[in-house]
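**Q** model the following, please.
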Amino acid sequence: MVTVRALISVTAILLLLAVVGPRPAQAADTQAARIMVQAAVNDGLASFAGKTKPLAERERLLDGLLRRYGDPAMLSASMLGRYWGKISPAEQTAFVETFMRYLVSSYAGLLKDLEPGVKIEVNDAVDLGARVRVSSNARFPSEPGVLVPADWEVATTADGKLVIMDVSVEGVSIIRAMREDFSSVLRSSGGKVAPLMEALQRKIDANDKANAAQ
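**A** This next block holds a predicted model:
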């Protein structure tokens, strides 16, 4: 089930990169929200399911998808929260690139052997008032009886753009968990971003070593 969850996680990141503002003005239209989630799921499957590609190609494709689907700087700002405005523009730029490399190194290896036939079914969309929750289930051919649920929360910004505000896989929010980890490091360092970037670089180095050994 690692590869199914990896695919959902990558798709979640692709969508979460589209966040352009912290305060959506209204809920997204339920049908439009479903269409948005389905499009991203299809793109992720088309890029990786049943495709045998060398590591460098997987990294290139994943990095391209991340950058094409959204705004890495906006996601980085969301990840750092109140600390984002306290670091210099140069630190912001450096963090964005380190964070992007961290995402790519974390998931490119897991997508190595995503077998064909993976299905992610986008189901109901429920209007929650401020947001729309879109439910989905992933099914892996080798374990057809096991479903991996994921819920996507979609909202609309003041200028009418659909954004994914959160994704929960089996009830666990991917972005919330990542943000909490980052905040913990920032608090312990007095808000300095350098220790966080050093921690991310260590993870990148470890990921690169593990990916190269595949």
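
**Q** so who does Phe95 touch?
**A** By CB atoms under 8 Å, 6 or more residues apart in numbering, the contact list for Phe95 reads 76, 80, 87, 193, 196-197. For the C-beta atoms, the positions are set from N, CA and C on the backbone; glycine is no exception.

**Q** an error on my part: the question was meant for Asp166.
**A** Taking CB under 8 Å, 6+ apart, we find Asp166 in contact with 16, 152-153, 173, 175-176.

**Q** swap the cut-off to 7 Å and go again
**A** Residues near Asp166 by CB atoms under 7 Å, 6 or more residues apart in numbering: 153, 173, 175-176.

**Q** helix or strand right after the helix or strand hosting it?
**A** In the assignment (DSSP states H and E), Asp166 maps to strand 162-169. Counting by DSSP H and E, the element after strand 162-169 in chain order, helix or strand, is strand 172-173.

**Q** contacts only, for the nearest residue to Glu91 once chain neighbours are set aside.
**A** Distances taken as CB to CB, 6 or more residues apart in numbering place Val193 nearest to Glu91, at 5.3 Å, with adjacent residues excluded. Val193 sits next to 83, 87, 91, 95 when contact means CB under 7 Å, 6+ apart.

**Q** likewise for Ser168?
**A** So Ser168 contacts 150-151 (CB under 7 Å, 6+ apart).
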